[in-house]
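Visitor: Fold the following for me, if possible:
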Amino acid sequence: MDSSVPKYKIDTSVDDKHILRFSHQAMATVFEVIFVEEDETYAAQAATSAFIELDRLEQELSFFIENSEISRINSLSQNDLITISQDTFDCLKQCMRLYQWTKGAFDITMRPLFELWEKYDFPKTYPDEDEISMAMTRIGLPWLQIIEETHQVRLINKSIRIDLGGFGKGYAIDVLKMHLDDWDIKSGLIHSGQSTVSAFGKNPNYMKWPLSISDPKNPDIIVQKIDLIHGALSGSGLKKGQHIIDPRDGKPIRNKQAAWAFAPEAGEADALSTAFMVMTPEEIATYCEKYTVSGLTIDNDSDNTKHYFGEWAPKENHL
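Guide: Sure thing, here's the model as predicted:
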């Protein structure tokens with residue numbers, strides 16, 4: 001598939017000197033905070049403090065950093081216990097809840113399946129059923145046990161490996177939002193590479209913050225305009241040379257280009273946009289109704305068929 005990950009365009013072009021922007025490289029992307037503050041010196045101090053917090057989170061949550069808490073969990077022997085930080089504990093607890101709510105469509109133990117399919121030039125070549133079945137024995141979030149009273153975790157199945165790539169950036173946005181609130185920053189946007197964005201408070205020039213979703217195959221085409229005031233929006237799509245795999249059968253999806261999710265928190269929206277890529281329209285509709293979130297998917301067909309869910313349906317601009 002040649003489509004790229006969905007992006008958002010954030011409209012802060014209205015002339016207002018109090019809308020300030022600060023950016024920082026972390027978690028293999030560029031985070032940006034955009035907020036309202038008259039004192040530019042104070043604003044820079046608040047942003048710097050938030051980015052220090054972001055770097056700390058990356059050191060704890062990254063799959064790729066050798067001494068991160070996630071790497072330490074992945075190195076555990078079977079049934080050994082490890083005590084983890086509050087942030088790592090909160091991430092794992094939220095991911096386990098989302099795994100249950102999506103009935104396994106969101107799973108942070110997918111790396112064995114990714115590594116298997118990376119060996120093949122799908123759809124020209126692909127693994128056989130035995131290879132897929134073997135990889136499936138090495139995934140499944142229920143193999144991770146959380147002991148809430150002591151903030152400890154253990155691996156019941158040593159073969160699983162945790163990777164927060166589909167949740168960590170959104171969680172980091174939620175933490176940054178709380179951190180800026182501690183600095184009395186009450187209005188702004190935070191995004192991670194323009195794939196997940198969270199809004200809080202009012203834009204001084206609008207009642208809400210205006211954003212637009214771009215067509216994943218042609219970024220110059222606007223799919224939908226959205227106004228945010230509170231909550232988070234996240235998008236997922238197919239990158240060239242990569243796959244989005246359904247953890248429930250171990251196979252890449254082919255029927256969708258992109259999916260978006262709107263939820264109260266950025267971590268949840270981040271996870272759900274990935275889950276919505278593999279869930280059926282009926283599953284997404286049921287989920288959105290039950291948990292009061294919204295979604296949009298675009299099929300990988302000649303008509304680019306769009307499906308709206310939750311508060312997005314039937315109105316296209318109903319956030």
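Visitor: Met207 is in contact with His230, isn't it?
Guide: No: counting by CB atoms under 8 Å, Met207 stays clear of His230, with 11.7 Å between them. Just so you know, the C-beta spots here come from the backbone N, C-alpha and C atoms, and that holds for glycine as well.
Visitor: Looking at those two now, which is surrounded by more residues?
Guide: Comparing Met207 with His230 by neighbour count (other CB atoms under 10 Å), the higher total belongs to His230, at 13 against 8.
Visitor: That one touches Phe200, doesn't it?
Guide: Yes: His230 is within contact range of Phe200, at 6.1 Å (criterion: CB under 8 Å).
Visitor: A helix includes Leu98, no?
Guide: Yes: under DSSP: H, G, I helix; E, B strand; the rest coil, Leu98 sits within a helix.
Visitor: what's near enough to touch it?
Guide: Neighbouring residues of Leu98 by CB atoms under 8 Å, 6 or more residues apart in numbering: 106, 167, 268, 271-272, 275.
Visitor: And for Lys186?
Guide: Residues near Lys186 by CB under 8 Å, 6+ apart: 36, 200-201.
Visitor: Now the residue most central in space within the chain: phi and psi?
Guide: Here the mean C-alpha position of the chain is nearest to the C-alpha of Asp270 (CA atoms, centre = their mean), at a distance of 2.2 Å. Backbone torsions for Asp270, taken as degrees, to the nearest 10, come to phi -60, psi -50.
Visitor: Please name the spatially closest residue to it (chain neighbours excluded).
Guide: Gly170 (2.9 Å; CB to CB, 6 or more residues apart in numbering).
Visitor: What's the local residue count around the one you found?
Guide: Neighbours around Gly170, by other CB under 10 Å: 30.
Visitor: quick one: it from Arg161, how far?
Guide: 20 Å (CB to CB, to the nearest Å).
Visitor: Asn157 and Ile139 touch, don't they?
Guide: No: applying CB under 8 Å, one finds Asn157 not in contact with Ile139, separated by 9.0 Å.
Visitor: Those two: who's more crowded?
Guide: Ile139 (23 against 15).
Visitor: which residue packs closest to the more buried one, ignoring adjacent ones?
Guide: Closest residue in space to Ile139, ignoring its immediate chain neighbours: Thr109 at 4.5 Å, by CB to CB, 6+ apart.
Visitor: got the contacts of Leu98 as CSV, with pLDDT and distance to Thr88 columns?
Guide: Shown next, in CSV, are these (pLDDT from 0 to 100; distance: CB to CB, whole Å):
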residue, pLDDT, distance to Thr88
Phe106, 98, 18
Phe167, 97, 12
Glu268, 98, 17
Ala271, 98, 16
Leu272, 98, 21
Ala275, 97, 21
